[in-house]
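Novice: The amino acid sequence is not available; the structure is as follows:
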């Protein structure tokens, strides 16, 4: 295809992706009420513990309530329309890939997407603990009026961070397949991986909730060792193929 044809194809794919996003946002806008109710549950728990009305979601401007709903609609719309825009991206780049690259790409996407959503779900379980922990630093006599937009940004970013942390092992395997890191090199970093997983889990969960911290750290460590083991398996297969190729191309006695 010429450059012009590629640009026309890209425009068509982008239009389909944008249309899917708009549809996803419309659907998400309709269900913003239950989403807001879900993410603000920690605020209601704090208000009940304090026995007063000085803990609430605060809308500081005329348009802030609408702004919050639009932010939620955009974020959820991206997830709802993900199958469409991911397919558009894939359909655009697939003609330029070899069969081997296509197989690897499908494998990585099939692994990364579920892990990301599982990570977001775990992050949703962690959010109430983090908010309650931060609330514990409020001095006596203080109030907790959470700005609606800032509160949502905090929750959304935390979900993204935890979701991405679950996908990191997939990137380690990708680096191994690309020949950047060997499986043994990945495994040698197990001490650092355990330390990072423990520190991250300690920061993401309240100090008093040791069980949640250990569970999150354990999941991250298991994912790391799974990535290391899979990379070592790939290295062994690669070594056997190289050895077989050298034997086939060796001198005939």
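Specialist: Done, it's in. The structure presented is a predicted model; accordingly, all values stated were derived computationally and were not measured.
Novice: Surely residue 216 touches residue 201?
Specialist: Yes - with contact taken as Cβ atoms under 8 Å, residue 216 and residue 201 are classed as touching, separated by 4.2 Å. For the C-beta atoms, the positions are set from N, CA and C on the backbone; glycine is no exception.
Novice: Could you pull up the residues touching residue 244?
Specialist: The neighbourhood of residue 244, defined by Cβ atoms under 8 Å, 6 or more residues apart in numbering, contains no residues.
Novice: What ranges in the stretch 51-200 of the chain fall below the confidence cut-off?
Specialist: Residue ranges of the stretch 51-200 of the chain with pLDDT under 70: 52-54, 93-94, 96-97, 101, 178.
Novice: All the strands of it, residue numbers only.
Specialist: Assigned by DSSP state E, counting those that start in this stretch, the stretch 51-200 of the chain shows strands spanning 55-58, 144-147.
Novice: CSV for those, including mean neighbour count and distance to residue 34?
Specialist: Rendered in CSV, the data for the strands of the stretch 51-200 of the chain read as follows (neighbours: other Cβ atoms under 10 Å; distance: least, Cβ to Cβ, whole Å):
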stretch, mean neighbour count, distance to residue 34
strand 55-58, 17, 15
strand 144-147, 16, 19
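Novice: do you know how far residue 248 is from residue 100?
Specialist: Summarising the geometry, the distance separating residue 248 from residue 100, computed by Cβ to Cβ, to the nearest Å, is 19 Å.
Novice: sorry, back to before: export the strands of the stretch 51-200 of the chain to JSON lines and tack on distance to residue 131?
Specialist: Output for these, formatted as JSON lines (distance: least, Cβ to Cβ, whole Å):
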{"stretch": "strand 55-58", "distance to residue 131": "10"}
{"stretch": "strand 144-147", "distance to residue 131": "9"}
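Novice: Any buried residues in stretch 8-25, and which?
Specialist: 13, 17, 20, 21, 24, 25 (16 or more other Cβ atoms under 10 Å).
Novice: Among the residues you listed, find the lowest-pLDDT one for me.
Specialist: Of all the buried residues of stretch 8-25, the one the model is least sure of by pLDDT is residue 13, with 81.
Novice: What is the host helix or strand of that one packed up against?
Specialist: For residue 13, the enclosing helix or strand under DSSP states H and E is helix 3-30. The helices and strands touching helix 3-30, judged by 3 or more Cβ pairs under 8 Å, 6 or more residues apart in numbering; DSSP states H and E, are helix 64-80, helix 82-93.
Novice: by how many degrees do the shortest one and helix 64-80 diverge?
Specialist: Read that as helix 82-93. Counting by axes from the mean of the first three to the mean of the last three Cα atoms, to 10 degrees, helix 82-93 points 50 degrees away from the direction of helix 64-80.
Novice: Dihedrals phi and psi, residue 139?
Specialist: Backbone torsions of residue 139, given as degrees, to the nearest 10, read phi -70, psi 160.
Novice: Please report how far the most centrally placed residue in the chain lies from residue 126.
Specialist: To find the centre residue of the chain, average its C-alpha atoms and take the closest one (Cα atoms, centre = their mean): that gives residue 163, at 2.7 Å. Taking Cβ to Cβ as the measure, residue 163 falls 11 Å from residue 126.
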